[in-house]
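> just need the structure, nothing else, for what follows:
(4 chains)
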2 protein chains.
Amino acid sequence: MTIIQSLARGLEILDLLAEAEQGMGIGEFATHLNVDKSSASRLLQTLASYGYAEQDADTRRYTLGPRIVTLSNRVLNRMPLRDHAHPFLRRLTRETGECSHLAILSQGKALYIDQVESPSILRVETEIGTMSPLHCTALGKVLLAFNRHAQVDAMPVFTPRTITDLEALKLHIDQVRRQGYATDDEEHVPGVRCIAAPVHGFNGRVVGAIGISGPAGRVSYEKLPELTEKVITLAEELSRRLGSAR
Amino acid sequence: MTIIQSLARGLEILDLLAEAEQGMGIGEFATHLNVDKSSASRLLQTLASYGYAEQDADTRRYTLGPRIVTLSNRVLNRMPLRDHAHPFLRRLTRETGECSHLAILSQGKALYIDQVESPSILRVETEIGTMSPLHCTALGKVLLAFNRHAQVDAMPVFTPRTITDLEALKLHIDQVRRQGYATDDEEHVPGVRCIAAPVHGFNGRVVGAIGISGPAGRVSYEKLPELTEKVITLAEELSRRLGSAR
DNA sequence: AACGATGTTGCATAATATGCAACACTCAAT
DNA sequence: ATTGAGTGTTGCATATTATGCAACATCGTT
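Presented below is the predicted three-dimensional model:
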């Protein structure tokens, strides 16, 4: 496995730009990459010439360019699941009042490929493109339980409630498999609870997970059964829509 | 202006992947880039290690990876305009029955940053991330007319109705400026008509364009005045929402 | 105008990306 | 099961290019 260093540096620059809302100057890149200013400048020029970066004429700082957006929607538009699922996401948010999400397994994580936000002021802030760990999120656990390609190789701690023992997780995932849904009980983000259920494709295989997330105050233990019922029902309807025999 | 060749090759690979829905094999990359298979393999491995490409375990072909989606939504989420405008896009589609779009000026083109699709089966297929030429699209003409940074350097022909003379375009844009909206009368895509109007920000500057597109049969000359009125009204409401004095 | 900060460009050379060849893997045909 | 073709990966010598340095250009502040 060989890494082409110059390409890697360019991609690292994109990672830096993803975190730099106000853009970055050449000197900052040079420092982060541990290269000379001149090298940083040439890398940025290359990225800019292909549309991946943009230099603000006034501040001379660089920001992410539009080419990324074009490519991203190529990726997303290649997923028919998204189009089928979106009306169900809207229904789920309408019926529960919480944010709803659709995720698929990607690179060992749960990739959020669509969502509908809650109308409530207090809500969980996530975005499409988020890649969540599998072991401590409801969507992730569903993928672990129902997608044979899903596996965890690390189980970082996010909260005191995060499951960090592999045997404990296996038992938990077995239970998810039996009950047909998963919950995240403040295991990833303190104060946030999630519920998710699997989405089956036409051959019965699990092609994704659909679920809701909300503040623990609203997604309370008393409300869990009712909300869970809604998530499961919508997931099954969507699965049937996709042609699943289930 | 120096181009870092290895980085450029990696970005060219991303461009190839954007067009290759079923992915591509290493040999195809090598041919397109005019490099040896081994070089192509190393470039792809680098892209894959950063999440920009993925290799399908079964076919061994490479496709675009999820990292692109994550970055894309960073770009889009940095535009408050999108959040403000989305309800107006929905209203516009509801009131006209056509697809509605929101675009900004980016790299000399109109970058579509949001849209709401028409419920009709027959509709215009565009996607977020599309970068349209300015001289022959309604959104683009609005940007040309109202954004002082917008200019055209080339005027490629798309249809027999495309304006290809610079003087003619200048007159046309002057008219757009006077009337406060623009139309695309089958100038970009045969059989497609569009209407767009400017969106003004809090300092009165034009921060984007909002409009609709539909088949010429539905966006007929008889319907144009009524549809135009709706677009202008919504654009002005959105502008007021953004704090514009207009 | 002078100065400091920042981005850009030319040039010699240090470093790395390349092509070649061998190898590993997969699949289809016999 | 074996063979051959097709495809992706990896080691190595060296051809090529990316690098750092220094000079320059640009911009904003005093």
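> and the contacts of the least confident helix or strand in chain A by mean pLDDT?
Every helix and strand of chain A was ranked by mean pLDDT, DSSP states H and E. The lowest is helix A:67-77, at a mean of 92. The contact list for helix A:67-77 (C-beta atoms under 8 Å, 6 or more residues apart in numbering or on different chains) reads A:14, A:50-52, A:82, A:113-114, A:128-129, B:14, B:17-18, B:64, B:66, B:68-69, B:71-73, B:75-76, B:111, B:113, B:127-131. In this view, the C-beta of every residue, glycine as well, is placed from N, C-alpha and C.
> quick one: mean pLDDT for the following helix or strand past that helix?
From helix A:67-77 onward toward the C-terminus, using DSSP states H and E, the following helix or strand is helix A:80-96. Mean pLDDT, computed over helix A:80-96, is 95.
> does at least one residue of helix A:80-96 sit close to chain B?
No: contact of helix A:80-96 with chain B (C-beta under 8 Å from any C-beta of the partner chain) is absent, the minimum separation being 9.6 Å.
> and the contacts of helix A:67-77, which are buried?
When the contacts of helix A:67-77 are checked for burial by 16 or more other C-beta atoms under 10 Å in any protein chain shown, the buried set is A:14, A:50-52, A:82, A:113-114, A:128-129, B:14, B:17-18, B:64, B:66, B:68-69, B:71-73, B:75-76, B:111, B:113, B:128-131.
> and the residue of chain A positioned farthest from its centre, how far from residue A:59?
Using C-alpha atoms, centre = their mean, the residue of chain A lying farthest from its centre is residue A:38. It sits 36.0 Å away. Distance of residue A:38 to residue A:59, computed by C-beta to C-beta, to the nearest Å: 20 Å.
> then residue A:41?
Taking C-beta to C-beta, one finds residue A:41 at 15 Å from residue A:59.
> higher neighbour count, the two?
It is residue A:41, of residue A:41 and residue A:59, that has more neighbours when counted by other C-beta atoms under 10 Å in any protein chain shown, with 18 against 11.
> secondary structure element holding the more buried one?
Per DSSP H and E, residue A:41 falls inside helix A:37-49.
> up against DNA strand D, what does chain A have?
A:1-2, A:5-6, A:9, A:35-39, A:42-43, A:58, A:60 (C-beta under 7 Å from any atom of the strand).
> need those residues in TSV (columns: pLDDT).
Below are these laid out as TSV (pLDDT from 0 to 100):
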residue	pLDDT
A:1	77
A:2	87
A:5	96
A:6	96
A:9	97
A:35	95
A:36	94
A:37	95
A:38	94
A:39	96
A:42	96
A:43	97
A:58	85
A:60	92
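> what about these, which one has the most neighbours?
residue A:43 (26 neighbours).
> so it touches residue A:8, yeah?
No: applying C-beta atoms under 8 Å, one finds residue A:43 not in contact with residue A:8, separated by 10.6 Å.
> residues contacting residue A:54?
A:48, A:62-66, B:106-107.
> which ones among these lie within helices?
Of the contacts of residue A:54, the ones assigned to helices by DSSP state H are residue A:48.
> pull out the buried members of the contacts of residue A:54.
Buried among these by 16+ other C-beta under 10 Å: A:48, A:62-66, B:106.
> okay, those residues in JSON lines with pLDDT next?
Output for the buried ones among the contacts of residue A:54, formatted as JSON lines (pLDDT from 0 to 100):
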{"residue": "A:48", "pLDDT": "95"}
{"residue": "A:62", "pLDDT": "95"}
{"residue": "A:63", "pLDDT": "94"}
{"residue": "A:64", "pLDDT": "95"}
{"residue": "A:65", "pLDDT": "93"}
{"residue": "A:66", "pLDDT": "92"}
{"residue": "B:106", "pLDDT": "92"}
